[in-house]
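Chemist: this one's structure only:
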DNA sequence: ATTTATGCAAACGCTTTGCAGTCAT
DNA sequence: ATGACTGCAAAGCGTTTGCATAAAT
């Protein structure tokens, strides 16, 4: 079965289904900007004026735990979240700070190579790349 | 010229050469455990009883800035530091928490692939792998 | 003699926690 | 009815900052 709703997944893990949790998931899934807790909070405030930052954090911890979201550590001072669960690399623009997914990347060969070099039994990875995004490259030519 | 000492490098960037800075660099270079600030502080305390955590942080910021060390964000609650400046991946053991270098890894092909997929002009990367180290794999067989 | 660094303690910023009231089941 | 969740405020914790003293140039 693959067509489980967020509500089903929450329930099947013994968590209750609340409007806040559904809203957080909805917000996260409908953005590509890899928001941190505060960005999520601000996105939700208009429709949930009573929303609290603590609830966002608690919700994201659950989502991480039950596989509804992953946590990114891109070297900023706060965590970012991503609802795309296929493991994939991320690129961060050093100029504007945006973070993009790299979805088509094939990393089996890398995992094998690293497993061999390290003798670890690997279970996961986080690949972060840094540089300048297309938009900021353009700006540089015009204004710098 | 390639045989610059830490003292030379500090001076050439306008920083003063102090016993604390030399000691921090020495400690960092003579360990493979990728210490965080507190670990460094504790390593130095015996020989520098007056050492302060703030000095470790300030020193590491300078080292990062002038290329004497790099900062790692492995998904823990604190930063770790590495004096090996060639860019290389890291593996963290989920069981014992140790962090190892992967030195022989060739990542040019990956950088090219990611640059092509993302349209970013890449300047850096951080590759983190997670799993179980050889030692902990052994333990598991014996005790679990 | 100047200028920068150290070390302490206080401040910071993100995240977590405690708890009374509220909601999902 | 019960147990879990929310939201507020307070606490936590790694890191940074301010400042007086000390050390490097």
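Modeler: Done, it's in. Everything quoted here is computed from the prediction, not taken from an experiment.

Chemist: Once you drop chain neighbours, what's closest to residue A:32?
Modeler: Closest residue to residue A:32 in three dimensions, ignoring its sequence neighbours and counting by Cβ to Cβ, 6 or more residues apart in numbering or on different chains: residue A:101, at 7.1 Å. All C-beta atoms are positioned from the backbone trio N, CA, C, and that covers glycine.

Chemist: wait, what's in contact with the one you found?
Modeler: For residue A:101, the contact set (Cβ atoms under 8 Å, 6 or more residues apart in numbering or on different chains) comprises A:32, A:34, A:82, A:84, A:88, A:89, A:90.

Chemist: I'd like the residues you listed as TSV, with distance to DNA strand D, secondary structure and pLDDT appended.
Modeler: Shown next, in TSV, are the contacts of residue A:101 (distance: Cβ to the nearest atom of the strand, whole Å; DSSP: H, G, I helix; E, B strand; the rest coil; pLDDT from 0 to 100):
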residue	distance to DNA strand D	secondary structure	pLDDT
A:32	24	coil	97
A:34	21	coil	98
A:82	20	strand	98
A:84	22	coil	97
A:88	26	coil	96
A:89	24	coil	98
A:90	21	strand	98
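
Chemist: Farthest pair within these?
Modeler: Based on Cβ to Cβ, the longest span within the contacts of residue A:101 runs between A:32 and A:89 and measures 14.7 Å.

Chemist: The biggest strand by length in chain A pairs with which strands?
Modeler: Identified as the longest strand of chain A according to DSSP state E is strand A:121-132. For strand A:121-132, the paired strands and their directions (DSSP bridges) are strand A:90-93 (parallel), strand B:121-132 (antiparallel).

Chemist: Could you measure from the closest residue to residue A:67 other than its chain neighbours over to residue A:59?
Modeler: Excluding the flanking residues, the one nearest residue A:67 by Cβ to Cβ, 6+ apart is residue A:85, at 6.3 Å. According to Cβ to Cβ, to the nearest Å, residue A:85 stands 16 Å off from residue A:59.
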